[in-house]
Structures are given as C-alpha cells and as structure tokens.
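*Asks:* Fold the following and give me the result.
(2 chains)
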Amino acid sequence: MTTLIEAPPSDADGLLPTKKKKSGGGLGQYLLIRFLLIFPTIFILVTMVFFLMRITGDPITAALGGRLPPEQLQERIHAAGYDRPLPVQYFEYLGQLVTGNFGTTLSDNRKVTEMLTTYGSATLELTINALIVALLVGIPFGMIAAHRRDHLPDAVLRVFAILCYATPVFFAGLLLKLTFAVWLGWLPVAGRAKTSSELALTGLQAPTGIYWVDALRSGNMAALGDVMAHAVLPAMALGLLTAGIFLRLVRTNVIGTLGRDYIEAGRSRGVSEFRLVTKHAYKPALIPIITVMGLQIAVMLGGAVLTETTFEWKGLGFQLANYLTARDFVAVQGIVVLLAVIVAVTNFIVDIVAALIDPRVRY
Amino acid sequence: MSTTTPLEATTDRRAPLFKRLPVISHFNKSVGLQRGMLVVGLVLTGVFLLTAIFAPLLAPYGFAQLSDADGSFPTQQPPGGKHPLGTTVGGYDVLSRVIWGSQTAILVIVVAVVLSIFAGVILGLVSGYLGGWLDRVLVVVADAIYAFPSLLVAIVMAIVISGGESSLFGGVLAAAISITVVFIPQYFRVIRAETIRLKAEPFVESAKVVGASSIRIMGRHIYRNATRTLPLIFTLNASEAILTLAGLGFLGFGIEPSSAAEWGFDLNKALADTTSGIWWTGVFPGLAIVWTVLGLTLVGESINDLNDPRLRGRKRAGNKGGPDTAAAAQAAISADVRSS
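*Replies:* Numbers count the residues shown, from 1 in each chain, chains lettered A, B, ... in the order given. From the prediction side, this is the model:
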C-alpha cells in the first residue's frame, strides 16, 4: 500500500551527485548548491522544449499553414526570423528569456508575459484551493486510518485513497458537476465568477487576481459568496486527487512513529490516544509530507490543466488547451517554460524547508 | 467475474514452476485484506483484458458506426432499447465505444511500457555501470523530465510526433511514444540505482578478474539482477499510462474518433452534454477508466506489499503497513502519482 507515496526519490538512492560530495559544509553551503541546481533544471527543460517544438517546423506554419497563401506565409516566417539556422534562433531565444521576453502569441497577438500573469493568478488560486482541500481531507483521515489500523475505518479509507488516485480529475470534475451543479443545482456549473462579481472586482486597486482575496479586500460579500461558490467544485476535483496521496502518506508515517518507544512512554504516562496520534506521532511524520507536498505541486499543475478545461476555469491550463487547439506553439512554449520555472523553484523551497526542519537531510 | 481465481486454483496444483510465477506466488503468500485486494485487482484487470480481447464479439456495433440496417442512430438517446448505454451527440453507440476503448488502452499500454522499459533499461545499465560524465548528464536530464508534470511532457511529445505534419505513425503510436518519454526516466532511475549497487558486488568483480568485457558484465551479470523489480513497475506504470492517455485524449490530443475509440476523447466530447443533464455519454467511459486503473493499481500495490516482508501481512501477527524506508524500486515510482 505504499508505492504511491514514498519519500522523495532523489534522497533515497543518492542520485544527486551534489549530495554525495558534501561531507562537511553547513546549511549555507547546502542551500547554495540546491539553489544553483535550479538553473540546470530549467535550462535543460527550456532547451528540450525549444528543440522538440522546432523539430516539426516553425510555429507560423503550424498556426497559419493552409490559411495563408504560401508567399505570405514565407514572408511572415522571414519577418519573424524563423528561417534562420536553428542554433542562432536558440541563442536568441535564450537571450530573450533571460530578459523576460517570451515573445508574442500568434493566435491572439498578445504578449506572452502579459498572458502568463493574467492567467497565472487563476491557476495559482485553483492550486491553493485544491491544496487546502487535500490537506483538510488527507491529514485527519490519514490519522484516523493510522489509529484504527487494519480495522474497518482503515480499510474504507484506504479504498477511498485508491479510488481518489484511480479517478482522473476530469472525470471526478464531471461527476461533481453533474451531481452538485446540474441535478442538485447548488453550485454554479463552470467559470470563476458571475460577470457581475467580476465587474465588481475590476475596480480594485492592485488586484491580486486571486478572486477570493480580492473579494475579501473589496468587502463585497455578495461577490465573495459567488466567487467561493464557483471555487468549490474545481478545488474538490483537483484536491481529492492529492487528498488520496496525503491520506496514505500520513497513515504510513504515523503508523511508523506510533511504533516508537517514546509513544509507548507517553501512553504509560497517561497521555490520551487522541493526543498521541495528533501531537506525538504526527509531528515527526510531517517531514515526508512537506517533501511530497512539494512534489505534488508538479502533479497538481498537470492536474490543473485538466481541471481548468473541465470547469472552464480561465487559467493557464485552460489557455494551454486553447492554444494547443489553435496550434499556437509560441504561447504553449511560454506556458511550459513558466511551469518549469515554478516546478524548479518549488523543489528548491521544499529542499530548504526539509533542511531547516531536519538537520539529517543536509548530509 | 470469476475468470482469474479458479484458473489459479488449477495451476497451483501443477508443477512447482507455476507456484513460482509472479502473480501466483504472490497470491499464495497473501492473507486476509491483502489477498482480497489482490483478488479484486486481478478480477478487474481480467475483465478488462477479456473485454479488450473479445471486443469484436462483445460490442454491438463498430466504434465508428453511425447507422445500421434500420437507418442512422439517433443522437443523445438515453440508455435503453437498441443502445443499452445510449448514444452520443455525434450518434455513436456509447456501449460499443466503451468496449472498443479497452483495445486502444491495451495497445497503448503495451507499446508505451515496452518501449520505455527497453530504452530505460539500456540507458540505466550503461549509465550506472560506466559512470563518468555520461552518467552525470543522463541523471540531470532524467531528473529534469521526472520533476516536470508528466502530462505536459506528453503534450510536448504529442506535438512533436503528430503536431506539425499530419500523423505519420497513427494516433496510437503517437500517444504511446508520448507516454514512453514520460516513463523512461523512471526505469532509468531504478535500473541505474540497482546497477550501481550491483557493481560493487563480488560476483561482478570476479567476472572482471576472469576478463569479461563490460558489455558482457552489463548484459549478463547485472541485467539479470537489476531487472527483478520491473514487473512491479510495469503494473504501476500501466495504470499511469492509461491516465496519461486519457488526459491527452481529454485535451484533444489523442486519437480521432473515426480511427479508434478512446475514453478520454469521449469524456471531452461529453463535457458539453453534462450541462443539459445528459450523463450517460460521460459517466460510462469515465467508469471504464476508473475500473481499469483501479484493477491495475490494486494488483501492482498488492505485489509491492507482498514483495516487502515488512509490509506483508502474516496469519498471526498482522504487520501490515509498517514504516517505510523505501527500496530503490519504490522510491523511483514514488510520489509521482502523475495525475491526469
């Protein structure tokens, strides 16, 4: 019952060469090396995405081929510089990336950076909401399963966890939509907010783009309720997927710590079972949860693409699907690069947190 | 439903070799809840396999069939009558597409997993045994791919394979190769870690002393020992392959409805139906995905538990789910419930 939820793979088998090298060194050196490791990761992904996307041809032919006469197509390709040798384009692209220029989308002619900031906040909101759902469901249920190990609640919760994993987010989303939006009519079917609430939020100074934060700041309770109602189903669809993983992770780790001597000692001193599980056994089980949480961000971003499409949640994933259909590979490349950066940075943060909590990680 | 269990009961009594076959030996080792999970998983997987094999006999219509002798099929018809699970907005028969979809799923799983094992094992052996800069580069590249959302890797690969030109390989192969690229790093890591461990073993050193070439040592001595965990990863990856395929299909990157039936694609088309309360076009393909993934996951997880003496339940002293200090194989698949 454990394969889905192990501790991070990199640590167990010493795959990262940098980790082996450090025999001495303090926290500072460790963090520095971890930080420097971000760059090759991003660099490799950017390079791979660039060359892979160009193997098949230039973006303009992909987006507009067949719709423009060949001469005009050639003209536009030449104007955009896509007829130059690939290495030249590659280094130019790298240079642009460093200066924060991601290019202009082909299908709707927007700056990619502007598109990323507009839709990125929606994806961020969805991911945060889903993470909250996952933690709220996963941690308590995981503790219950650990406490009632091998009894009925444990069996039920384990089946629940596997079901969470086996159900694709878009199918979970479809079922939730059918049940709560269409049949029961309790919650809205799709979107992030009603047009009226969106209008109410646009006047705000320096909007965060995370609607419930904006609604809270504006003090508009009607808009807040509306935004919340829209957020529930997508957050559940994406959150339950991760909740299953957290549940199993908490369960396994709490069971592991429950067997320790200090728990027995606590029990003999008369500490209540509830306190033993929630305080004594839970805390040491936190480290793997934090590491896996970081890894789950990558998984959640993948899931967000599908969730957003299911609920017409206008974030990066929704846009990604649209740009894919439009064959707008400049935009696709921009989104993929941004996600690569997010994943690399998240992994770095996870490493820092893990190192701060547990000194053993550093060596 | 009982397709797999009686079969094992008979094989058990035959030559001892059968008792040593992977799944059967696991079945014999298992007790209680673990055996239940394994059996349920085997039954679900068995039904899935049989459906795929006998799809031409089971499906009432073809996957792209829009009419029969009585004229064209009605569109969005509720379940019942000639169409037990109803029809879609395009007039396809839902039951037929669900059944044919299992064939597509199997095809993609087999091609994807075989390709990635092949590439991953070779790369892992070479990288782990030879070491040096090649090893460093391969590890960094594999880590980069591994850390990235697998669905996005698959999407990029799908663009590469079928995006520019019209599909040369056909949709199935394109989807399979996209998934392959996601999995290669996983096999690579497992095999590499095992190879590094085995490299230090006395039997490798004695092979060196005898004068065996590197290729021979890798191909004979290490390969045999390093690939023991592969059946487990295979079952776990098979379920992931299905989820990735469905995810690709859901985003419209799968297989055209006229060339094969694909559950994810059907779910995508069903999305618009839900608002008007039409549930049968989406629920059934979705259930098919859940069924298959559930079956494969249960089998894989049970095998994993049974391989690990600390997790294996025993008849008296139940010792399930002990603390997890991961073995290399587990660690590599770990945490990477690549969603879809």
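
*Asks:* ok, the nearest residue to residue A:257 once chain neighbours are set aside - contacts?
*Replies:* Take residue A:257 and drop its neighbours on the chain: the residue closest to it by Cβ to Cβ, 6 or more residues apart in numbering or on different chains is residue A:281, 4.2 Å away. In short, each C-beta sits where N, CA and C put it, glycine included. Applying Cβ atoms under 8 Å, 6 or more residues apart in numbering or on different chains to residue A:281 gives the contacts A:146, A:254, A:257-258, A:260, A:263.

*Asks:* And the helices in the stretch 1-150 of chain A, which stretches?
*Replies:* Ranges of helices in the stretch 1-150 of chain A, per DSSP state H, counting those that start in this stretch, are A:9-12, A:17-21, A:27-55, A:59-64, A:70-80, A:86-98, A:112-147.

*Asks:* and of the ones you listed, who's closest to residue A:345?
*Replies:* helix A:27-55 (6.6 Å; Cβ to Cβ).

*Asks:* Just checking the closest one against chain B, any contact.
*Replies:* Yes. Counting by Cβ under 8 Å from any Cβ of the partner chain, chain B has neighbours in helix A:27-55: A:40-41, A:44-45, A:48-49, A:52-53, A:55.

*Asks:* now that helix: mean pLDDT?
*Replies:* The pLDDT scores in helix A:27-55 average 79.

*Asks:* before we move on, back to that, list only those of the residues of helix A:27-55 next to chain B flagged as buried.
*Replies:* Among those, those classed as buried by 16 or more other Cβ atoms under 10 Å in any protein chain shown are A:41, A:44-45, A:48-49, A:52-53.

*Asks:* Nearest to residue B:141 among those?
*Replies:* The nearest member of these to residue B:141, counting by Cβ to Cβ, is residue A:44 at 5.9 Å.

*Asks:* coming back round to it: PyMOL command for the buried members of the contacts of residue A:281?
*Replies:* Buried residues among these (16+ other Cβ under 10 Å), as a PyMOL selection:
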select buried, chain A and resi 146+254+257+258+263
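
*Asks:* Among the contacts of residue A:281, list the two that are farthest apart in space.
*Replies:* Largest pairwise distance in the contacts of residue A:281, by Cβ to Cβ, is 13.0 Å, between A:146 and A:260.

*Asks:* tell me which parts of the stretch 101-250 of chain B are close to chain A?
*Replies:* So far as Cβ under 8 Å from any Cβ goes, the stretch 101-250 of chain B lies against chain A at B:136, B:139-141, B:143-152, B:155-157, B:159-160, B:163-165, B:189, B:192-193, B:232, B:236, B:239, B:243, B:246-247, B:250.

*Asks:* Output the contacts of residue A:281 as a markdown table; include the columns pLDDT and secondary structure.
*Replies:* Output for these, formatted as a markdown table (pLDDT from 0 to 100; DSSP: H, G, I helix; E, B strand; the rest coil):
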| residue | pLDDT | secondary structure |
| --- | --- | --- |
| A:146 | 82 | helix |
| A:254 | 81 | helix |
| A:257 | 78 | helix |
| A:258 | 77 | helix |
| A:260 | 79 | coil |
| A:263 | 80 | helix |
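
*Asks:* Take the contacts of residue A:281 and lay them out in CSV including distance to residue A:245.
*Replies:* What follows is the contacts of residue A:281, written out as CSV (distance: Cβ to Cβ, whole Å):
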residue, distance to residue A:245
A:146, 15
A:254, 15
A:257, 19
A:258, 20
A:260, 24
A:263, 25
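
*Asks:* before we move on, the earlier item: quick one: buried ones out of the residues of the stretch 101-250 of chain B next to chain A?
*Replies:* The neighbour-count criterion (16+ other Cβ under 10 Å) marks B:139-141, B:143-152, B:155-157, B:159-160, B:163-164, B:189, B:192-193, B:232, B:236, B:239, B:243, B:246-247, B:250 among these as buried.

*Asks:* taking those residues one by one, which sit in helices?
*Replies:* Of those, the ones assigned to helices by DSSP state H are B:139-141, B:143-147, B:150-152, B:155-157, B:159-160, B:189, B:192-193, B:232, B:236, B:239, B:243, B:246-247, B:250.
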